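Participant: give me a model of this one.
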Amino acid sequence: MDQQPRRLTRKELLRRNKKIAKRRQMRLTFIAVVVTAVLVYITGIYGASLAYLGDFVSSGMVYMQFGAGFPAQLENQTYKQSERMGSALCILDADSLSFYSPTADKVYEYYHSMQNPVISASDKRVAIYNSNDTSFKVLNAHDVIFSNEMDNDIIHASLAANNYAAITTKSQSYNGEVKVFDSQMNEVFTWLNAKSFPVQSFLSPKASHLAVSCILTVDGKLQSHIYVIDTAAGQEKFMIENGGDVALGIEFIKEVPSRVFYTDKEKAI
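Facilitator: As a prediction, the model looks like this:
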């Protein structure tokens, strides 16, 4: 005798219908997000509320561009700098900033018209600025999403993992200053220095701490200091003296500065 399928109870039927409705709602939500994201990508509209969505789509589009793979012969005759931006490779030359997919297909090219361009990258964004000038721009792998003119000439700039920016500039009243901006390029605070000259600044991944490398001369000898600042309070926490060694980079572990890199060595803090 064939076994008849068991009839569902009322509770089981309601539970099954809820699961089906939930899956249907998730599919509709996903489709809506994808459609919105594609429209943002195509139109290039990046309002403050859409910036993260634009970054996500732009980063995803990098994977969808297929090339012949690396190693590749790239058409950059006046190479200046290259940085990794998540899955993308950013290559800066005298005329443009180019973005390449993991398989060496050119995703986007931005013509910068800067005399002394420098780049700094996070996972989904890259900052390009004109050294000893005031122009500062932030891009993803699709378009320019923010463009600022600083009050003073830029000495150095860097992006944190959360896309906060630290911009070291000259100052009209001090030896130098560092401005910290959030991911929407709203100014968070400004750190001023009257004792030494700021040359580089680095943010921790979540931008809770700022480390600034400064130089000065004492009795004709070069001295180097690193100031560590709490960005939430906008106050200095401590200062490290490094003799004549000038820091090239600073590594953070759990939001705390932990190692300093020099041309020929590294030191634990």
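
Participant: C-alpha only now, for contacts and for neighbours.
Facilitator: OK.

Participant: how far off centre is stretch 102-121?
Facilitator: 14 Å (Cα atoms, centre = their mean, to the nearest Å).

Participant: show me what counts as buried in stretch 190-200.
Facilitator: For stretch 190-200, the buried set under the neighbour-count rule, 16 or more other Cα atoms under 10 Å, comprises W191, L192, N193, S196, F197, P198, V199, Q200.

Participant: and these as a markdown table, adding secondary structure?
Facilitator: Output for the buried residues of stretch 190-200, formatted as a markdown table (DSSP: H, G, I helix; E, B strand; the rest coil):
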| residue | secondary structure |
| --- | --- |
| W191 | strand |
| L192 | strand |
| N193 | strand |
| S196 | coil |
| F197 | strand |
| P198 | strand |
| V199 | strand |
| Q200 | strand |
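
Participant: where along the stretch 101-250 of the chain do the strands fall?
Facilitator: Residue ranges of the strands in the stretch 101-250 of the chain, as given by DSSP state E, counting those that start in this stretch, are 106-111, 117-121, 126-130, 135-139, 144-149, 154-159, 165-169, 176-181, 187-193, 197-203, 209-218, 221-230, 235-241, 249-253.

Participant: wait, which of those is closest to G86?
Facilitator: With Cα to Cα, the closest approach to G86 among those belongs to strand 117-121: 8.7 Å.

Participant: where does pLDDT dip in the stretch 51-200 of the chain?
Facilitator: 51-54, 56-58, 60-61, 63-64, 76-77 (pLDDT under 70).

Participant: now for L97: which residues touch it?
Facilitator: Contacts for L97 (Cα atoms under 8 Å, 6 or more residues apart in numbering) come out as C90, I91, E109, Y110, Y111, H112.

Participant: just the buried ones from these?
Facilitator: Neighbour-count burial (16+ other Cα under 10 Å) applied to these gives C90, I91, E109, Y110, H112.

Participant: which residues does the residue nearest to A88 when sequence neighbours are not counted contact?
Facilitator: Spatial nearest neighbour of A88, chain neighbours left out: S101 (5.1 Å); criterion: Cα to Cα, 6 or more residues apart in numbering. S101 makes contact with V62, Y63, Q65, F66, G67, S87, A88, L89, V107, according to Cα under 8 Å, 6+ apart.
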